[in-house]
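**Q** My questions concern the predicted model and sequence given below.
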Number of protein chains: 4
Amino acid sequence: MKKPVKDTPVKRARGRPRDLAAKETILRAARALLDEGGPGAVTMEAVATRAGVGKPTVYRWWPDRHAVVMAALMSATPSTGSPAPSGATAIEALRGQLREIAMRFASPTGRHITSMLAAADAESELARAFRGHFVLARRAEGRAILERGIAAGEFRSDVDIEIVLDELYGAVFFRLLLGHASLDVAFVDRLVRQAITGMSASA
Amino acid sequence: MKKPVKDTPVKRARGRPRDLAAKETILRAARALLDEGGPGAVTMEAVATRAGVGKPTVYRWWPDRHAVVMAALMSATPSTGSPAPSGATAIEALRGQLREIAMRFASPTGRHITSMLAAADAESELARAFRGHFVLARRAEGRAILERGIAAGEFRSDVDIEIVLDELYGAVFFRLLLGHASLDVAFVDRLVRQAITGMSASA
Amino acid sequence: MKKPVKDTPVKRARGRPRDLAAKETILRAARALLDEGGPGAVTMEAVATRAGVGKPTVYRWWPDRHAVVMAALMSATPSTGSPAPSGATAIEALRGQLREIAMRFASPTGRHITSMLAAADAESELARAFRGHFVLARRAEGRAILERGIAAGEFRSDVDIEIVLDELYGAVFFRLLLGHASLDVAFVDRLVRQAITGMSASA
Amino acid sequence: MKKPVKDTPVKRARGRPRDLAAKETILRAARALLDEGGPGAVTMEAVATRAGVGKPTVYRWWPDRHAVVMAALMSATPSTGSPAPSGATAIEALRGQLREIAMRFASPTGRHITSMLAAADAESELARAFRGHFVLARRAEGRAILERGIAAGEFRSDVDIEIVLDELYGAVFFRLLLGHASLDVAFVDRLVRQAITGMSASA
DNA sequence: GGATAATCGAGACGGTACGTCGCGTCTTCAT
DNA sequence: ATGAAGACGCGACGTACCGTCTCGATTATCC
């Protein structure tokens, strides 16, 4: 019997439930506008019109323009790229993941994501989710790879994992942000190699 | 004859010359607004009012809002922090410079700069200047330090210099952008150490 | 057998009957809002919330906002003020009724009623009822008084009754509408006197 | 010499002067909308769009929707109808003016004016101007006619002028407001006759 | 007594208009 | 010609209500 226990109160709202289809339609419209004209084109009015939805409905789901853009970006991109190539060595897995990131972000959409990352001022719930979705989840994935590499003897046991992660992912986003050099496969390969090698003359 | 020699062809305009003091006043006003309310508070109208200046005067100096914010930020910060500590070893010089950067950017203003870096979409002249002023100049400084270190035998001669620079500066801005971990002296020291050590188990 | 004759075909509906108490509650809420903030404050949402009622319930009883305001006003005011002072002369009765009207309408609620009178654009059923309730019923009462006065010899037999009625009630509402002069007892008395006297120099 | 005296400070504003042509264009647009769809069609957005003007420009001239409608109505109608027929007798002049009013107001526009009269809640400057423009100016004109009539011996010298004015103009607006009877020439003629005759049986 | 049906409170929905704010340009007078 | 002042056309903002709809729950009549 399940009824008497009632461990999950099921959260029965009183009024008409929100239309989840509308939410999806709105995100789709926002995404389309984003592709066509960049973040600047994603205005609340354009989104609402395009989605065939009233403006207040958009505001019922997200508090402001910013949040809609973030949600649209998130809804379009899976958090983790490919399933981590577990069969390979840690180095290969790392290289594979960084290549995937570099490739994915070297696009207008990638620039938009970076812009939103930088513009997300506050410690809002959504900003946190956004950072997690696009960056920190992959960074955590990388941490697992590093730990695997250490366990397998590919990397030294005293590697400063958090620092290495910041080095690797930081370098990729640095090139994206500054645009001073290309963001391609060759770059990623050199990046991994250098992080492994280090600079020490004593080696 | 009207001024035939004119050793400095200063381009004497016909009418009233531009008021150079106004430019400074405007930048000061923009900076004050930036400190008080972030980049969002730096509206052209607020800047003009605050500076006691007409809006067209602002537009005479900068093409748009964005440019004013960038100029205000740039006017407040010297391009290179302290004169590079040339007496020290390259490692110490690197550590010193990175500490200086981390300290300077771990502030609201630092966040604003990063926001502007990300928002500067196009390859505009001013965006280039902005990136150069705040990041690439220091990165070039870092390159000189690395080259000095290689010459001095502190670093291996086959170090991938450009990659190392992206690793180091990228890691700092990555923490700034994501806010997932602290940006302090200890971080910088670990960062430099790890970049030197590398991850290789064979060492 | 249950009710074979059914003398009153009561039209028993199938489902749950309407809650008559809700209607009263709604009107009470509308009236309260009217007093507090004027007709503009009587929004459907405010009425429903205040009455603790769903919006559709309000719409089940009245077709739109307008109708609710009218109904609220009507529910608060009896159609005829005091029982016509039949013992008095026609002149006194007339004066008494006009005084009562002037007094009752010289109030915020009176202004609201006049506003609704003017705003009631169409020949809707409810607009007709509203005009009847607040004005035409009293005008009809006045007609009876005039006829009594003629029969009693107080007024000439060739008095243009409809015109006189418009003169008298019109004058009152004119002052209310324009606000160019006070609407008090003295005014009513002068009004009645002048209507009786006329302007003719030949008298 | 005019300069040194400076009796009229000329009201030299500092910035760009307001565009009077824009004001006219806006009023023209509002008038057109009013004719086409009544007061409800005169929305700020429609007015601005129709006039080819930004919404803030409309708000620069009038504080809200209401004021625009009033201004539009006023701009379309001359305050006084025809130049008072001074050659005629006072009675004829009175009849002529009342006929003109009745004719002019027995139209959709007339209804709109009456609506606005009733809706103009506050003692705002514009509401006062509106009442003056459409009603009180003509009432004042009527007062002059009455005084002329008294001086000429057409009316008794002890006529209660203010009351008579309210009777006459009030009756016209009463019919307009209530719509219980026609508002035509015959009505006006009967109205004037009755106001002159009075009701007194003693006459 | 169980099915049927209209009502109830609640509140989300597609809309429309509100009044405000900021953009970047234009127009005025004074310097 | 440049300065300040500020109005201009434009367009997006976020809010308030409109009148309709969709829920689950409630209350009545009908079979």
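**A** On my side now, so go ahead.
**Q** Centre-most residue in chain A?
**A** For chain A, A:F134 is the residue whose C-alpha lies nearest the centre (Cα atoms, centre = their mean; 0.8 Å).
**Q** Per-residue pLDDT of A:S200, please?
**A** We have a pLDDT of 86 for A:S200.
**Q** go on, A:G170?
**A** 97.
**Q** contacting residues for it?
**A** A:G170 is in contact with B:166-167, B:170-175, counting by Cβ atoms under 8 Å, 6 or more residues apart in numbering or on different chains. Backbone N, C-alpha and C define where each C-beta goes, glycine included.
**Q** So the residue of chain A found nearest DNA strand E: helix, strand or coil?
**A** In chain A, the residue found nearest to DNA strand E is A:G15; the distance is 1.8 Å by Cβ to the nearest atom of the strand. At A:G15 the chain is in coil, as set by DSSP: H, G, I helix; E, B strand; the rest coil.
**Q** State the phi and psi torsions of the residue of chain A found nearest chain C.
**A** Residue of chain A nearest chain C, by Cβ to the nearest Cβ: A:G15 (8.8 Å). Per-residue torsions, A:G15: phi -80, psi -160 (degrees, to the nearest 10).
**Q** Relative to C:A51, how far out is it?
**A** Using Cβ to Cβ, to the nearest Å, A:G15 is found at 16 Å from C:A51.
**Q** circling back: quick one, what contacts the residue nearest to the centre of chain A?
**A** A:73-74, A:77, A:79, A:113, A:117.
**Q** any idea how far A:I101 is from it?
**A** Plainly put, A:F134 is 9 Å away from A:I101 if you go by Cβ to Cβ.
**Q** Which residue ranges of chain A form helices?
**A** For chain A, the helices defined by DSSP state H occupy A:20-37, A:44-51, A:55-61, A:65-76, A:90-105, A:108-119, A:125-131, A:137-151, A:161-178, A:185-197.
**Q** quick revisit: tell me which of A:G15 and C:A51 has more neighbours.
**A** Taking other Cβ atoms under 10 Å in any protein chain shown, A:G15 and C:A51 do not tie; C:A51 has more neighbours (21 against 6).
**Q** Tell me, how many residues neighbour the closest residue to that one other than its chain neighbours?
**A** With sequence-adjacent residues excluded and distances taken as Cβ to Cβ, 6 or more residues apart in numbering or on different chains, C:A51 is closest to C:A29, at 3.9 Å. As a burial measure, C:A29 scores 22 neighbours (other Cβ under 10 Å).
**Q** Quick check: PyMOL command selecting the buried ones in the contacts of A:G170.
**A** Buried subset of the contacts of A:G170, written as a PyMOL selection, criterion 16 or more other Cβ atoms under 10 Å in any protein chain shown:
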select buried, chain B and resi 166+167+170+171+172+173+174+175
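**Q** List the contacts of whatever residue of chain A ends up closest to chain D.
**A** Closest approach between chain A and chain D, counting by Cβ to the nearest Cβ: A:E45, at 12.5 Å. Contacts for A:E45 (Cβ under 8 Å, 6+ apart) come out as A:K55.
**Q** Near DNA strand F, which residues of chain A? Just list them.
**A** Selection of chain A residues close to DNA strand F by Cβ under 7 Å from any atom of the strand yields A:12, A:14-17, A:43-46, A:54-56, A:59, A:64-65.
**Q** And those, which of them are buried?
**A** A:46, A:65.
**Q** and of the residues of chain A next to DNA strand F, the nearest to C:V185?
**A** A:P56 (51.8 Å; Cβ to Cβ).
**Q** For the closest one, give its distance to A:R95.
**A** Counting by Cβ to Cβ, the gap from A:P56 to A:R95 is 48 Å.
**Q** List the contacts of A:F174.
**A** When contacts are counted by Cβ under 8 Å, 6+ apart, A:F174 is found next to B:166, B:169-170, B:173-174.
**Q** again, only using 10 Å
**A** Going by Cβ atoms under 10 Å, 6 or more residues apart in numbering or on different chains, A:F174 touches A:180-181, A:183, B:135, B:139, B:165-174, B:177.
**Q** Just give the nearest non-adjacent residue to it, would you?
**A** Of all residues not flanking A:F174 in the chain, B:G170 sits nearest, at 3.1 Å (Cβ to Cβ, 6+ apart).
**Q** what about that neighbour, distance to D:A195?
**A** The gap separating B:G170 from D:A195 is 94 Å, by Cβ to Cβ.
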